[in-house]
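[1] Here's my sequence, what's the structure:
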Amino acid sequence: MFEFIEDADIREKAENAHKITVDQLTVDLTNSTKSQVEEAVTGLKAKNTEILTEKKTLQENLKKFEGYDPKAIKEATEFYEKNKDAEFLKDGTVEELIEKKTSQLTSDFEIQINELNTNLQNAQKHGMTYQSLFESKVIDDGIREEALKSGMIPSAVEDAILRGRSIFSLDENKVIEARDSEGKLAVTEDKKVLNTKNWIESLRKTSPHYWPQSKGAGAFGGSSDMSDVMARKIAAAEAGDVNAYRRLRAKK
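    Numbering: from 1, shown residues only. Okay, the predicted model is just below:
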């Protein structure tokens, strides 16, 4: 994502800053979701208490209407007409009133929670993508640097990088490392910890065509151009790049 930044230190700071932003967004979204759920539950409990208190008050007021006092009945009728919620209480369906009050709140908060969860998942997905790209970039740059230092021909460097991707990874401190099938640090034949430098050197034995041939050597009588073509052809074959191999073979 930040390949356009040439300075490695600035690029690393930018990538770290982006990761911190993504991590903070994940924490903020999680806390926001939790806070809104707790607020919704608290509101529903308070509303239930309010309705029960209102019912009790109405029942106590209804006792005043015993004896068919016309004035009291009129007041009660006007009260019920003005208070729609009281209609449920008058009919004895307090459960229906509670369900009506809470269902809409529940529905609204479910929508908000789903949106927050979606945003959180997207943020985590983007964060993992950037993390993967960052790790690949660090590993590729590390292999490329050692390959060029060793004098490897430019056309073989990318092949070395492709091969190295299946060997190296980053540890928790963003340091390039290699581990075996048991999860232990991989070592060389002489029991040294495998790193990009000694791995590149080991390729001199297994893939000597990655380096320029000495003058007078090779099947093309010392022709540097043809030696380079041969080296690239061998590299393409090892990498399984059929199209590149055919193009190079046609040059012969």
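[2] What strand or helix carries residue 31?
    Element membership for residue 31, per DSSP states H and E: helix 8-62.
[3] which residues does residue 126 contact?
    Residue 126 makes contact with residue 22, according to CB atoms under 8 Å, 6 or more residues apart in numbering. Every residue, glycine included, has its C-beta placed from N, CA and C.
[4] Secondary structure element holding it?
    helix 94-149.
[5] Helix 8-62 and that helix, what's the angle between them?
    Using axes from the mean of the first three to the mean of the last three CA atoms, to 10 degrees, the inter-axis angle of helix 94-149 relative to helix 8-62 is 180 degrees.
[6] Check the offset of helix 94-149 from the chain's centre.
    Here helix 94-149 is found 7 Å from its chain centre; the criterion is CA atoms, centre = their mean, to the nearest Å.
[7] about what we covered before: which neighbouring elements make contact with the helix holding residue 31?
    With contacts taken as 3 or more CB pairs under 8 Å, 6 or more residues apart in numbering; DSSP states H and E, helix 8-62 sits against helix 70-82, helix 84-90, helix 94-149.
[8] How about the secondary structure of residue 169?
    Under DSSP: H, G, I helix; E, B strand; the rest coil, residue 169 falls in the strand class.
[9] picking up where we left off before, mind checking what helix or strand follows the helix holding residue 126 in sequence?
    Using DSSP H and E, the helix or strand that follows helix 94-149 in sequence is helix 154-165.
[10] count of neighbours near residue 157?
    Neighbours of residue 157 under the rule other CB atoms under 10 Å: 21.
[11] How about residue 187?
    Neighbourhood size, residue 187 [other CB under 10 Å]: 13.
[12] hmm, back to that, please produce CSV containing the helices and strands packed on helix 8-62, extended by distance to residue 246 and mean pLDDT.
    Formatted as CSV, those follow (distance: least, CB to CB, whole Å; pLDDT from 0 to 100):
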stretch, distance to residue 246, mean pLDDT
helix 70-82, 88, 70
helix 84-90, 81, 62
helix 94-149, 25, 82
